[in-house]
Every structure is written in structure tokens, then in C-alpha cells.
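> Curious how this folds, go ahead:
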Amino acid sequence: MTGAEIERVQTYLRRLLGNDRLTVVPPVKPGFPIEVAVGEETIGTLDKDTDEGEISYAVTLTILDEDLPPLPKAAAKPAKAATRRA
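Residues are numbered from 1 along each chain as shown. Presented below is the predicted three-dimensional model:
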């Protein structure tokens with residue numbers, strides 16, 4: 001992907017997501033992924049697809065479980081009421 005394409009996608013994503021801290025980082029070496037970051041945090045990768053002359057770009061967001069907030073404590077379940085038989 002060219003530098004101009006990366007810049008265009010970055011501009012689009014910043015506008016779409018309303019975040020000027022978002023950056024599309026060119027690969028450090030050929031064959032390495034293009035990364036999408038917010039500030040210093042890498043949040044995913046960017047890929048280009050060309051199919052029958054049409055070009056599209058796909059952002060894959062990666063969310064590590066360790067980065068998520070803890071699960072809320074489960075509410076205590078009420079005891080089952082005894083059923084009556086007539």
C-alpha cells in the first residue's frame with residue numbers, strides 16, 4: 001500500500017471515528033502488517049483488497065481479554081419456589 005493510500009485511509013478513519021489521535025502506521029519492513037493505533041496503543045491492522053478492479057480496505061480490530069474491564073459480579077439468583085401439587 002502506498003503512503004498516499006495510507007494517508008487517505010487515516011484521514012477517513014479520523015473523520016469517521018472523530019479521533020485525531022488515530023494513526024495508520026506503515027509497516028516497519030516489507031511484508032509486515034500496516035497497524036492502526038490510537039496514541040501509543042495499537043488497536044488493529046489495515047489490509048487492502050483488490051477484486052475485479054474494485055479496491056477496498058479492511059480494518060481488523062484486536063481486543064485482548066486482558067485489556068477489558070472486569071466482568072460485573074453476577075447478581076445473586078433467587079431460590080426456586082417450591083411447587084405445589086393439587
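
> State which strand of the chain is the longest.
strand 41-51 (DSSP state E).

> what lines up beside that strand in the sheet?
Strand 41-51 pairs in its sheet with strand 34-38 (antiparallel), strand 54-61 (antiparallel), by DSSP bridges.

> tell me which residues of the shortest one are tucked away?
In other words, strand 34-38. 34-36 (16 or more other CB atoms under 10 Å). (Each C-beta comes from the backbone N, C-alpha and C, glycine too.)

> In the chain, where is pLDDT below threshold?
By pLDDT under 70, the low-scoring segments of the chain are 75-86.

> Could you give the bridge partners of the residue positioned nearest the centre of it?
In the chain, the C-alpha nearest the mean C-alpha coordinate belongs to residue 61, at 2.1 Å (CA atoms, centre = their mean). Beta bridges link residue 61 to residue 44, judged by DSSP bridges.

> Does it touch residue 44 like I think?
Yes. Under the criterion of CB atoms under 8 Å, residue 61 makes contact with residue 44 at 4.1 Å.

> so what sits against both of the two?
Common contact partners of residue 61 and residue 44 (CB atoms under 8 Å, 6 or more residues apart in numbering): residue 36.

> before we move on, back to that, would you reformat the buried residues of strand 34-38 as a markdown table and include distance to residue 5?
Converted to a markdown table, the buried residues of strand 34-38 look like this (distance: CB to CB, whole Å):
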| residue | distance to residue 5 |
| --- | --- |
| 34 | 9 |
| 35 | 15 |
| 36 | 14 |
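
> And the residues you listed, which is closest to residue 73?
residue 36 (33.5 Å; CB to CB).

> Many thanks, we can stop here.
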